[in-house]
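Chemist: predicted model follows, preceded by the sequence.
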Amino acid sequence: MHNGCAPKPGSAPPGLPATELAARTRFLLILGLLFVLQLALLAAIVLSLAFAEDEATRELFAQMPGRHKLLLAGLALLLLGLLAAGLKLLFTAYLAPIARLNEDMVLLAANPRHRATAHGAPEMRSLAEKFNTMADVHQALHDEVTLKIELAGRALEEEKNRLAALMADLSLSVVVCNLEGHILLYNRRAKQLLEASHDLGLSAGISAIGLGRSVFSTLDRDLVVHALEQIRQELQQDDDNMGTPVAGFVVTIEEGREVQVQMAPVLDSMHVINGFVLTLEDVSGKAEGEGRGDERPQAFPLMHQERPHFYDFDLFHQPGQTAELDQSPLARISYTVFDTETTGLHPAAGDEIIAIGAVRIVNGRLLRQEIFEQLVKPRRPSSPESLAIHGITQAMLEGQPRIEKVLPQFHGFAEHTVLIAHNAAFDMCFLQMQQAATGVCFSQPVLDTLLLSQVIHPHQERHTLEAIAARLGVPVAGRHNALGDALVTAEVFIRMIPLLAEKGIVTLRDARDAEQRTPYARLRY
C-alpha cells in the first residue's frame, strides 16, 4: 500500500464495493467467453463457405458484396449485445439474489433476528419471504432454548460468584497460572499489590495484570521456574502421593518492596502439574512492625460486578504464544482488539494518535474489565474534519501523556496476543510511524474485521463497522470513541468465528490467508 497506510473515512477503503467488484468481474469474464465463442462460430461459418467443396458455393461467397459482410458483422455484434443484456438480467434477477440469500442463511446462525431483503425476480422475492417465515420459527425456537440454558446456568453462575467472593475475601493475594505463566485467576488483593509495583502514570482502568497475561511481567521468571521445578522434584520423590509440596521465595519488586511468595501446584487427575497457585504477601517493613498488635491487614471493598470475570480455567489447556501460533484455532487464541482516534488521516504528513482504546478476548470471551483506555497529548491540533468525528478537543488533551509514554504501556498490554482492528491498516500505520520515536514494535499477527467480513459475506455491499454489526446483531454504542469502537469490533469478531469455521477457516493461518484473497486486500491506496 502506498506509504504503508490505508485511509479510514467510513472505515472502508475507497473504490467500488466488494460485491460490485466481484459481480462485474464475473459478468465481464462470462461475456468475454461468449464473445470468443461467437467469433469462433462466425469464423467457422466463413471458413466453411470460403473453402467449401462445392465450387459454386465458393464463387458465391467470393462475389458477396462488402456491405453484406458488414451486415453479417453487425448482426454478430447485435447478437452479442442481446447476449450481454440477457446475461445481465440473469445476474440481476437470479444469480445475485441467490448468492445474497445464501449469505442470509449463514447469518441466521449467528444472528437469529436477521431477515433477508427481497431482491430480483418475483420468484426470488417469494423465496426471500419464505426464508423470513422460516427465520421467525427459528428465532422462536432459539429464544426458547436460550431461556432454558439461562435457567439451567443460574446455579452454575451462583457457584462462580461464591468462588469469586471467596477469593475476594481471602486475606492474602492469590494468583492462579497455567504452566506458561498466563494468569487464569486473581483476586482484588493481588491486583492491588501487583499494580502498586507498577507506576503506570496513566489513566485509571489500565491493569498491570489480567486474564491471559503473563505473571512474569511482575514476578521474576527464574524464581518462579525454580520453585516450580522444586515442587516437581518433590512430587517425583513422594511415592505415596500423600502430600502436596509447597515452595516459597521472596521477590523484590519496584521501589525496593519485598513480596513473599508461596507456590502450590495444580494437579490433574493423573497427578501431573498443569498449573500453579501463588499466594503473595507484602513483607516490606514487617520487621519494624513486629510486636505491634494494632497492625491489621488493609481491608479492600468488594465489588460484586467484577467477580464473575476474574477467572478462566480453560486457559490451563492453552498452548501458549509459540511459533506454532498460526496453527492455533481462532477460538483458543488470546486477542487484543483496539482502535485509535487521530488528529487526521495522514500520519506521513504529521497526524498523530490522540486516543487508544483496547479490550481483551480470551478463550472466545470478551473481558470487559481487561481494558486499556488512554488519551494522548499530540504536538498538533486535530483537523476540523477529524474533530467533528471524534469530538476530542484540545482542552480535553491538556495534561495527558505524550505518545512516547503511552505506546510502551499499550505494547505491554497487548503483549503475547494477536491484534484485531477494523480497517487495521490505518491503525497499524499510526503505530508503525511511532516506532522510531518510542522504540516499540508491534510484531504480532494482525486480523482485520473489514477483510474478514468480505470473507464471510462477499456478496454484501457494505462492510463498515456499523453494517457488519447490524448483520451480526451486535448493538452499536459509543461509535468514534476508541474504546467504544474496540468493544463493538470485539463483539463482531467473536460472532465471526463460527461463521469462518463454516467456510473451513479454523486457524489463524487460515484467516490470514483468506484475508489476502479479498478484494479490499488487493486494492492499493
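Modeler: All right, it came through fine. This structure is a prediction, so every number in the text was calculated from the model and none was measured.
Chemist: out of everything not next to it in sequence, what's closest to the spatially most central residue of the chain?
Modeler: For the chain, the residue nearest the mean C-alpha position is Ile420 (4.0 Å; C-alpha atoms, centre = their mean). If the residues on either side of it in the chain are set aside, Ile420 comes closest to Val337, at 4.4 Å by C-beta to C-beta, 6 or more residues apart in numbering. C-beta coordinates here come from the backbone N, C-alpha and C atoms, glycine included.
Chemist: hang on, the earlier thing: packing partners for the helix or strand that contains the residue nearest to the centre of the chain?
Modeler: According to DSSP states H and E, Ile420 maps onto strand 418-421. On a contact count with 3 or more C-beta pairs under 8 Å, 6 or more residues apart in numbering; DSSP states H and E, strand 418-421 meets strand 335-342, helix 424-433, strand 446-448, helix 482-502.
Chemist: helices and strands of this protein: which one has the lowest mean pLDDT?
Modeler: helix 286-289 (a mean of 52; mean pLDDT, DSSP states H and E).
Chemist: picking that back up, pipe the helices and strands packed on strand 418-421 into CSV and attach distance to Ala521, mean neighbour count and mean pLDDT per row.
Modeler: Putting the helices and strands packed on strand 418-421 into CSV (distance: least, C-beta to C-beta, whole Å; neighbours: other C-beta atoms under 10 Å; pLDDT from 0 to 100) gives the following:
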stretch, distance to Ala521, mean neighbour count, mean pLDDT
strand 335-342, 20, 26, 95
helix 424-433, 9, 22, 90
strand 446-448, 8, 22, 93
helix 482-502, 16, 21, 94
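Chemist: picking that back up, bridged to the residue nearest to Ile420, which residues?
Modeler: Per DSSP bridges, the residues bridged to Val337 are Val359, Ile420.
Chemist: before we move on, back to that, what about the strand holding Ile420, average pLDDT?
Modeler: For strand 418-421, the mean per-residue pLDDT is 95.
Chemist: how far does it sit from its chain's centre?
Modeler: 5 Å (C-alpha atoms, centre = their mean, to the nearest Å).
Chemist: got the contact list for the residue nearest to Ile420?
Modeler: Ala358, Val359, Arg360, Ile361, Leu419, Ile420, Ala421, Ala486, Leu487, Thr489, Ala490, Phe493 (C-beta atoms under 8 Å, 6 or more residues apart in numbering).
Chemist: equivalent analysis for Ser173, please.
Modeler: Taking C-beta under 8 Å, 6+ apart as the test, what Ser173 contacts is Tyr186, Asn187, Arg189, Ala190, Gln192, Leu193, Leu194, Thr279, Leu280, Glu281.
Chemist: filter these down to the buried ones.
Modeler: When burial is judged by neighbour count using 16 or more other C-beta atoms under 10 Å, the buried members of the contacts of Ser173 are Tyr186, Asn187, Arg189, Ala190, Leu193, Leu194, Thr279, Leu280, Glu281.
Chemist: min pLDDT across the residues you listed, which one?
Modeler: Leu194 (80).
Chemist: is it true that that one lies in a helix?
Modeler: Yes: counting by DSSP: H, G, I helix; E, B strand; the rest coil, Leu194 is part of a helix.
Chemist: any idea how far Ile30 is from it?
Modeler: Leu194 sits 63 Å away from Ile30, taking C-beta to C-beta, to the nearest Å as the criterion.
Chemist: swap in Thr133?
Modeler: 33 Å.
Chemist: more crowded one of these two?
Modeler: More crowded of Thr133 and Ile30, by other C-beta atoms under 10 Å: Ile30, with 15 against 11.
Chemist: name the nearest residue to the more buried one, sequence neighbours excluded.
Modeler: Using C-beta to C-beta, 6+ apart, the nearest residue to Ile30 is Leu87, at 6.1 Å.
Chemist: check which helix or strand covers that neighbour.
Modeler: helix 66-90.
Chemist: list of residues touching stretch 498-512?
Modeler: 106-107, 109-110, 325-330, 333, 418, 445, 447, 452, 455-456, 514.
Chemist: where do the helices sit along the stretch 301-450 of the chain?
Modeler: 384-390, 394-397, 403-414, 424-433, 435-438, 449-456 (DSSP state H, counting those that start in this stretch).
Chemist: centre of the chain to the last one, how far?
Modeler: Using C-alpha atoms, centre = their mean, we find the averaged C-alpha position of helix 449-456 to lie 11 Å away from the chain's own average C-alpha position.
Chemist: how close does Leu325 sit to Leu450?
Modeler: 22 Å.
Chemist: the more surrounded of these two?
Modeler: Leu450 (26 against 17).
Chemist: so how far is Ser48 from the more buried one?
Modeler: 55 Å.
Chemist: same deal with Pro401?
Modeler: Distance from Pro401 to Ser48, by C-beta to C-beta: 83 Å.
Chemist: neighbour-wise, which of these two wins?
Modeler: Looking at Pro401 and Ser48 with other C-beta under 10 Å, you find the greater number of neighbours at Pro401, namely 17 against 12.
Chemist: does the more buried one touch Val376 like I think?
Modeler: Yes: counting by C-beta atoms under 8 Å, Pro401 touches Val376, with 6.8 Å between them.
Chemist: quick one: low-confidence parts of the stretch 1-150 of the chain?
Modeler: 1-24, 26-27, 46, 49-50, 52-53, 57-69, 72 (pLDDT under 70).
Chemist: tell me how far stretch 334-343 lies from the chain's centre.
Modeler: Centre to centre, stretch against its chain (C-alpha atoms, centre = their mean), the figure for stretch 334-343 is 10 Å.
Chemist: do stretch 327-336 as well
Modeler: That offset, for stretch 327-336, works out to 10 Å (C-alpha atoms, centre = their mean).
Chemist: using CSV, write out every CA atom in that stretch.
Modeler: Extracted C-alpha coordinates of stretch 327-336, given in CSV (Å, rounded to 0.1, in the frame of the first residue of the first chain):
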residue,chain,number,x,y,z
GLN,A,327,-1.9,-23.4,13.6
SER,A,328,-3.8,-22.5,16.7
PRO,A,329,-7.7,-22.5,16.5
LEU,A,330,-9.1,-19.0,16.3
ALA,A,331,-11.4,-19.7,19.3
ARG,A,332,-8.4,-20.5,21.5
ILE,A,333,-6.2,-17.5,20.9
SER,A,334,-5.8,-14.5,23.1
TYR,A,335,-6.6,-11.2,21.3
THR,A,336,-6.2,-7.5,21.9
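Chemist: what does that stretch contact?
Modeler: With C-beta under 8 Å, 6+ apart as the criterion, stretch 327-336 contacts 182, 212, 318-319, 321, 325, 358-364, 372, 413-414, 416-420, 447, 490, 493, 497, 500-501, 505-511.
Chemist: about what we covered before: quick one: which two of the contacts of Val337 are the most distant?
Modeler: Maximum pairwise distance among the contacts of Val337 (C-beta to C-beta): 15.4 Å, between Leu419 and Leu487.
Chemist: and the angle from the helix or strand hosting Ile468 to helix 449-456?
Modeler: For Ile468, the host element (DSSP H and E) is helix 465-472. Orientation check (axes from the mean of the first three to the mean of the last three C-alpha atoms, to 10 degrees): helix 465-472 against helix 449-456 gives 40 degrees.
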